[in-house]
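Trainee: A structural model of the following input is requested.
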Amino acid sequence: MQTCGGRIVCRRCQAFSKRTKRQCQGPAVEGKTKCRFHGGKSTGPRTAEGKQRVIDANTVHGLQTKLLREQYRKDNIELARLEQCLHKLGMKAPRTPGRKPLGLQSRGGFFA
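Mentor: Have a look, this model is predicted:
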């Protein structure tokens with residue numbers, strides 16, 4: 001890519017837009033494959049403490065931690081068990097659509 005009337009030659013950013021599916025037209029940061037808007041300026045954690053914080057956070061998109069995902073899974077299993085009980089008792093209660101949680105096991109007995 002040439003900028004400033006051809007006086008500066010640099011690489012193009014390799015990031016793609018989710019919306020348009022087109023490549024970013026910006027110049028990449030020197031020595032990187034992304035522009036400054038798509039993470040080219042990021043160096044990541046450099047100290048041992050910073051790296052450990054990233055490992056401890058263990059987040060997906062910054063919204064959930066491993067502990068929250070585990071709690072969510074347990075809550076879904078409990079909800080499915082309660083729905084099974086209400087269904088077996090013949091009560092008219094809406095059931096959650098979709099497949100059953102992986103931890104839900106049907107055991108023998110009325111309130112299994």
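Trainee: Got the domain ranges for the chain?
Mentor: Listed domain ranges for the chain are 1-43, 61-112 (source: automatic domain parsing).
Trainee: what mean pLDDT does the shortest one have?
Mentor: Spelled out, that is domain 1-43. Summarised as a single mean, pLDDT over domain 1-43 is 81.
Trainee: Send over stretch 83-100 as PDB, restricted to the C-alpha atoms.
Mentor: Extracted in PDB, the C-alpha atoms of stretch 83-100 (Å, rounded to 0.1, in the frame of the first residue of the first chain):
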ATOM      1  CA  GLU A  83     -39.500 -28.600  34.900                       C
ATOM      2  CA  GLN A  84     -39.400 -32.400  34.800                       C
ATOM      3  CA  CYS A  85     -41.100 -32.600  38.200                       C
ATOM      4  CA  LEU A  86     -43.800 -30.100  37.300                       C
ATOM      5  CA  HIS A  87     -44.400 -32.000  34.000                       C
ATOM      6  CA  LYS A  88     -44.700 -35.400  35.900                       C
ATOM      7  CA  LEU A  89     -47.100 -33.800  38.400                       C
ATOM      8  CA  GLY A  90     -49.300 -32.700  35.500                       C
ATOM      9  CA  MET A  91     -49.000 -29.000  36.100                       C
ATOM     10  CA  LYS A  92     -49.300 -26.700  33.100                       C
ATOM     11  CA  ALA A  93     -46.000 -24.900  33.100                       C
ATOM     12  CA  PRO A  94     -44.000 -23.800  30.000                       C
ATOM     13  CA  ARG A  95     -41.000 -25.800  29.300                       C
ATOM     14  CA  THR A  96     -37.700 -24.400  28.200                       C
ATOM     15  CA  PRO A  97     -37.100 -25.000  24.500                       C
ATOM     16  CA  GLY A  98     -34.000 -26.600  23.200                       C
ATOM     17  CA  ARG A  99     -32.000 -29.600  24.300                       C
ATOM     18  CA  LYS A 100     -31.500 -30.700  27.900                       C
END
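Trainee: Give me the buried positions along it.
Mentor: The neighbour-count check on stretch 83-100 (16 or more other C-beta atoms under 10 Å) flags 83, 84 as buried. C-betas here are computed from N, CA, C, even on glycine.
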